[in-house]
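Q: Only the shape, not the letters, is given here:
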Ligand SMILES: NC(=O)c1ccc[n+]([C@@H]2O[C@H](COP(=O)([O-])OP(=O)(O)OC[C@H]3O[C@@H](n4cnc5c(N)ncnc54)[C@H](O)[C@@H]3O)[C@@H](O)[C@H]2O)c1
């Protein structure tokens, strides 16, 4: 039986208390949903800077085991209240997006480094069992080697990448200094239902799905051969819960969270179009791809070696890219209001 099934079974028997920061965000809301499904006690914290109230209500509205605090992870008093008595923190709150961090590095630092530090110190003082936090594949930076292996990183290419690397350094220093256990998860292009498609900094999959549904052009930054290791959100959820419950020896480490496969942007576009056709949704020809310049701060190729998470956490992705896209597309289509057709 896969390790995740064992973990789920044991959590169902012995519920724990989990704090999810960034609970109103994309990945955070999926963590809340899974944990409540496993009958855990869940405390969410979010300031709605990029998260949405409907993400919370979709997964936790009125749930007796869910408590929500609206506020900032830099508010130490509030974080203290949120983490007291918790077993685990799953720290997702951050300002994502490389371009956003290039536009406003101060805001990225404040949320991603100061906020991480404040939350980690509150967790240390509350003596929680383990602090699992969202790092990013962006820490591989200018290292061109493929696949990406945890021990071999490069120099960060953006303020966002720097913030995530700083978090990793702080995590190690706080574990050796105070004993609070940390695990960092380097997410690689996570996608799925509820990922925001309307923000100026939205990720490629939601942006293109939105464009395909609206009939506005999908812009490929570069030549279409840029590639990413796209990871369905349920795989990331599994990795978080495995990381929180793994043996102590798995802590003070970072792990790649991905599928271990590489998809070019040109292939991604084709998969999205084909997926919509399978759902009998006709993407207008006006959504046909156009090509724009490469984006500053972007790495050319990204592919994870996931063997460390497989061996040490028991991570076993349940969804490959195409299975994940099918679930994501179904959600976007069902939640999308199609433009009214003209009569006749
Ligand atoms: N989605 C990805 O592909 C991806 C890839 C690598 C890393 N990550 C990391 O994973 C985490 C979750 O990302 P996501 O895609 O769900 O993004 P998201 O923007 O949907 O979620 C982040 C949440 O954090 C909240 N938040 C931000 N700053 C806050 C603050 N100061 N106080 C309280 N709440 C705050 C936002 O309101 C939002 O709800 C982030 O740390 C992100 O950097 C995501």
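A: Thanks, I have the structure now. Keep in mind that what you see is a predicted model, and the values were worked out from it rather than measured.
Q: Do I have it right that residue 189 meets residue 231?
A: Yes - using Cβ atoms under 8 Å, residue 189 is in contact with residue 231, at 6.2 Å. Just so you know, the C-beta spots here come from the backbone N, C-alpha and C atoms, and that holds for glycine as well.
Q: Give me the more crowded residue out of these two.
A: residue 231 (29 against 20; other Cβ atoms under 10 Å).
Q: and the gap between that one and residue 27?
A: Distance, residue 231 to residue 27, using Cβ to Cβ, to the nearest Å: 10 Å.
Q: Give the intersection of the neighbour lists for the two.
A: Shared contacts of residue 231 and residue 27, defined by Cβ atoms under 8 Å, 6 or more residues apart in numbering, are found at 187, 190.
Q: which residues touch the closest residue to the ligand within the stretch 201-344 of the chain?
A: Of all residues in the stretch 201-344 of the chain, residue 203 sits closest to the ligand, at 5.9 Å by Cβ to the nearest ligand atom. Residues in contact with residue 203 (Cβ under 8 Å, 6+ apart) are 97, 189, 191, 195.
Q: for the residues you listed, which one is nearest the ligand?
A: So of those, ranked by how close each gets to the ligand (Cβ to the nearest ligand atom), first place is residue 189, at 4.9 Å.
Q: unless I'm mixing things up, residue 287 is touching residue 210, no?
A: No - Residue 287 lies out of contact with residue 210 (Cβ under 8 Å); the separation is 9.7 Å.
Q: now, which of the contacts of residue 203 sits nearest residue 278?
A: Distance to residue 278, by Cβ to Cβ, is smallest for residue 191 among these, at 17.6 Å.
Q: Dig out what the closest one forms beta bridges with.
A: residue 232 (DSSP bridges).
Q: which residues in the protein form strands?
A: Under the criterion DSSP state E, strands of the chain are mapped to 17-21, 41-46, 66-70, 88-91, 130-136, 181-187, 190-191, 219-221, 227-228, 231-232, 253-257, 263-264, 290-292.
Q: For residue 335, which of these is the nearest?
A: The nearest among the strands of the chain, by Cβ to Cβ, is strand 190-191 at 14.9 Å.
Q: Return the list of helices and strands in contact with that closest one.
A: strand 231-232, helix 233-245, helix 321-335 (3 or more Cβ pairs under 8 Å, 6 or more residues apart in numbering; DSSP states H and E).
Q: still on that earlier bit, dump the contacts of residue 203 to TSV, plus distance to residue 79 and pLDDT.
A: Below are the contacts of residue 203 laid out as TSV (distance: Cβ to Cβ, whole Å; pLDDT from 0 to 100):
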residue	distance to residue 79	pLDDT
97	23	93
189	28	97
191	29	98
195	25	97
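Q: picking up where we left off before, out of the helices and strands packed on strand 190-191, deepest packed?
A: Among the helices and strands packed on strand 190-191, strand 231-232 has the highest mean neighbour count (mean count of other Cβ atoms under 10 Å), at a mean of 28.
Q: quick check, it touching the ligand?
A: No - Strand 231-232 stays clear of the ligand (Cβ under 6 Å from any ligand atom), getting no nearer than 7.4 Å.
Q: For the stretch 51-200 of the chain, just list every one of the helices.
A: With DSSP state H, counting those that start in this stretch as the criterion, the stretch 51-200 of the chain has helices at 53-60, 76-83, 98-103, 105-109, 115-125, 159-178.
Q: The ligand: which of those helices is closest?
A: Of the helices of the stretch 51-200 of the chain, nearest to the ligand by Cβ to the nearest ligand atom is helix 115-125, at 4.6 Å.
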